[in-house]
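need coordinates for the following:
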Amino acid sequence: MNPTNEILFFFSLLGAFNGVFLSVYFSLVAKKRGNRYYFLALLILMLSIRVIKSVFFHFNSHLSDVFIQIGLSSCVLVGPSLYLYISYDRKTNRIIHIVPFIIVVGLLGVLYPYSEYRELWSQWIVRGIYLQWLIYIVASLQYIKPVIGKIKDKQKLDNIDIWQLSIVICIFLIWLAYSTAAYTSYIVGALSFSFLFYLVFLLVIFRNSKQPIFYQEKERYKNKVISEINISRIEKLLPSVIEKEMFLDPDLTLDQVAKELKISKHILSQYLNERLNKSFSTFINEHRIEKAKVLLRNNSNYSVESIGYESGFSSKSSFFTAFKKITGKTPSEFQRSWVN
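Residues are numbered from 1 along each chain as shown. Alright, predicted model coming up:
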């Protein structure tokens, strides 16, 4: 192997092996932080297996057919793992996104092994797996619409927002690299994984910020306890914020509400996260949506966009995104269902 190939081999394989270690890390993390990280671990592990297979096959065309089949088959769980990680907060039967695909690809591997049906695998099975992968990427996009809405509204993104957005984008780019490998080079997918793996870590993990990256914001308050006096004050005064309809101000901030309650914004944020399991923006948006529902029921002559502004949203996109996320319907669908 010449020096150029040695460097190429090293860098393309480095990201894959680091991915295996990272998947183990997230598996251990899941025991403490929640089951959603098992899906992140599975996602990274399946990609790592696929990349390892690509690298060894590129530099050794006589690679075992069994290893090639395992590498190709691993991609069938990439899309579902991404979807289940991104959409974990939504109640769904997660088994149906994993088990059926394992059974199908397992049966195909037994009935039509790669060693005997290479043409079938390259022309149909692998293309079918890539199509399924793409479908799950598209399905995952609906769960990062709030992040896209923040970008459009020029709002500051949390680290968890950046992390999840980066994951979806990277998985798409890796899918694109493998899908177009026939027109470029077979090693492109592996190099893309390694490059994106380290790029995401440079952009996200080593950012100079105190915000959590992989975990939910409530982890920030792990060793802090809200006093009973502050809890009592918040529970007594927070309803007045709603009664005054402060949420109708599109520029309302956590600091403004905290001053209204005469407590620190950190205590209010901790209360919302721990007691209500909501971020400040979610809490405010829920009340804006309730206001919008009333207006949608009683003001059929108003445009949907106008109702969004009247409810406290700063833009049409943020209104539609929040309404869909909270109610499961678009404002127009809600209005039609109420009229009907």
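
show the subsequent helix or strand relative to the helix or strand bottoming out on mean pLDDT in the chain.
Counting by mean pLDDT, DSSP states H and E, the chain has its least confident helix or strand at helix 188-200, which shows a mean of 55. The helix or strand immediately downstream of helix 188-200 is helix 228-243, counting by DSSP states H and E.

and the helix or strand following that following helix, what does it pack against?
Beyond helix 228-243 in the direction of the C-terminus, DSSP H and E gives the next helix or strand as helix 254-261. Packing partners of helix 254-261 (3 or more C-beta pairs under 8 Å, 6 or more residues apart in numbering; DSSP states H and E): helix 228-243, helix 265-275. Just so you know, the C-beta spots here come from the backbone N, C-alpha and C atoms, and that holds for glycine as well.

any regions of the stretch 151-300 of the chain where pLDDT drops low?
Applying pLDDT under 70 to the stretch 151-300 of the chain flags the ranges 153-156, 158-159, 181-224, 299-300.

what do you get if the cut-off is 50, keeping everything else the same?
For the stretch 151-300 of the chain, applying pLDDT under 50 flags the ranges 184, 204, 206-211, 213-219.

mean confidence for stretch 53-63?
Mean per-residue pLDDT for stretch 53-63: 72.

how about the helices and strands packed on helix 254-261, which one is nearest Ile103?
helix 265-275 (39.8 Å; C-beta to C-beta).

can you name the element that comes right after that closest one?
helix 280-298.

any idea of the angle that following helix forms with helix 265-275?
Relative orientation of helix 280-298 versus helix 265-275 (axes from the mean of the first three to the mean of the last three C-alpha atoms, to 10 degrees): 70 degrees.

need the helices and strands packed on helix 254-261 in JSON lines (columns: mean neighbour count and distance to Ser332).
Shown next, in JSON lines, are the helices and strands packed on helix 254-261 (neighbours: other C-beta atoms under 10 Å; distance: least, C-beta to C-beta, whole Å):
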{"stretch": "helix 228-243", "mean neighbour count": "13", "distance to Ser332": "26"}
{"stretch": "helix 265-275", "mean neighbour count": "19", "distance to Ser332": "30"}
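
which of those sits closest to Arg288?
Per C-beta to C-beta, nearest to Arg288 of those: helix 228-243, 10.7 Å.

starting at the chain centroid, how far to that closest one?
Remark: helix 228-243 is offset 33 Å from the chain centroid, using C-alpha atoms, centre = their mean, to the nearest Å.

tell me which other helices or strands it touches.
helix 254-261, helix 265-275.

could those helices be laid out in JSON lines, adding distance to Leu107?
Below are the helices and strands packed on helix 228-243 laid out as JSON lines (distance: least, C-beta to C-beta, whole Å):
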{"stretch": "helix 254-261", "distance to Leu107": "53"}
{"stretch": "helix 265-275", "distance to Leu107": "45"}
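
and of the helices and strands packed on helix 254-261, who's closest to Val76?
helix 265-275 (36.4 Å).

for the closest one, packing partners?
Against helix 265-275 (3+ C-beta pairs under 8 Å, 6+ apart) you get helix 228-243, helix 254-261, helix 280-298.

CA atoms only: put that helix into PDB for me.
Coordinates of each C-alpha in helix 265-275 appear next as PDB, following Å, rounded to 0.1, in the frame of the first residue of the first chain:
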ATOM      1  CA  LYS A 265     -34.800  33.800  35.800                       C
ATOM      2  CA  HIS A 266     -32.700  30.800  36.600                       C
ATOM      3  CA  ILE A 267     -35.200  29.600  39.300                       C
ATOM      4  CA  LEU A 268     -38.100  30.200  37.000                       C
ATOM      5  CA  SER A 269     -36.400  28.200  34.200                       C
ATOM      6  CA  GLN A 270     -35.600  25.400  36.700                       C
ATOM      7  CA  TYR A 271     -39.200  25.300  37.900                       C
ATOM      8  CA  LEU A 272     -40.600  25.100  34.400                       C
ATOM      9  CA  ASN A 273     -38.200  22.300  33.400                       C
ATOM     10  CA  GLU A 274     -38.500  20.200  36.600                       C
ATOM     11  CA  ARG A 275     -42.100  20.800  37.700                       C
END
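
what inclination does it have with respect to helix 228-243?
90 degrees.

next, the angle helix 254-261 makes with helix 265-275.
Using the same axes, to 10 degrees, helix 265-275 lies at 90 degrees relative to helix 254-261.

Asn285 is in contact with Ala322, isn't it?
Yes: contact criterion C-beta atoms under 8 Å: Asn285 and Ala322 qualify, at 4.5 Å.

about what we covered before: for Lys150, find the nearest of the helices and strands packed on helix 265-275.
Nearest to Lys150, of the helices and strands packed on helix 265-275 and by C-beta to C-beta, is helix 280-298 at 8.8 Å.

so what touches the closest one?
242, 245, 247-248, 252, 254, 257, 268-269, 272, 276, 278, 302, 304, 307-308, 310-313, 319, 322-323, 326-327, 331, 334-335, 338 (C-beta atoms under 8 Å, 6 or more residues apart in numbering).
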